[in-house]
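Visitor: I'll drop the sequence and a predicted model, then ask my questions.
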Amino acid sequence: MIYTELHRQGKLSSEEYAISVNHSQKICPYIYYGYFFWAQHVVPLMQKSERLSKFLLPIVQARYAHISGKRNFLGALTVYLGHPICFLIGKIIVTGK
């Protein structure tokens, strides 16, 4: 959702957007649901705040680079810290446990 909004705003290239969409189709459903849960609250804020969109852009681009094989610390954080957090949120949402 955040990738989509940044792409809609013209801040993210079509190539970056396409790779992110492809990658999101390969992750565990719990991770996807957890991400969707919190991102749906962030996107409306991004639509109102240029500052927030600009803040998130380097994080999203670092993630894009990391999943494209250009390993970096910030991108790794989105995977190795972000995925477990989203997994837990998604698991709670889906199973109630």
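Guide: Structure's in. What do you need?
Visitor: Work out for me the element Ala76 sits within.
Guide: helix 73-80 (DSSP states H and E).
Visitor: And that helix, what's buried?
Guide: By neighbour count on 16 or more other C-beta atoms under 10 Å, the buried set for helix 73-80 is 75, 78-79. C-beta here means a position set from N, CA and C on the backbone, and glycine is covered the same way.
Visitor: From the chain's centroid, how far away is it?
Guide: On the basis of C-alpha atoms, centre = their mean, to the nearest Å, helix 73-80 sits 11 Å off its chain's mean C-alpha point.
Visitor: What are the contacting residues of it?
Guide: Helix 73-80 is contacted from outside by 58-59, 62-67, using C-beta atoms under 8 Å, 6 or more residues apart in numbering.
Visitor: do that again at 6 Å, thanks
Guide: Identification of contacts with helix 73-80 by C-beta atoms under 6 Å, 6 or more residues apart in numbering yields 62-63, 65-66.
Visitor: coming back round to it: between the buried residues of helix 73-80, which is nearest Gln25?
Guide: Within the buried residues of helix 73-80, proximity to Gln25 (C-beta to C-beta) peaks at Val79, which comes in at 15.7 Å.
Visitor: Skip ahead from the lowest-mean-pLDDT helix or strand in the chain and say which helix or strand is next.
Guide: Taking mean pLDDT, DSSP states H and E as the measure, helix 14-24 is the helix or strand of the chain with the lowest mean score, a mean of 81. Per DSSP H and E, helix 14-24 leads on to helix 29-48 as the next helix or strand towards the C-terminus.
Visitor: Helix, strand, or coil at Ile93?
Guide: helix (DSSP: H, G, I helix; E, B strand; the rest coil).
Visitor: dump the residue contacts of it.
Guide: By C-beta under 6 Å, 6+ apart, the residues touching Ile93 are 33, 37.
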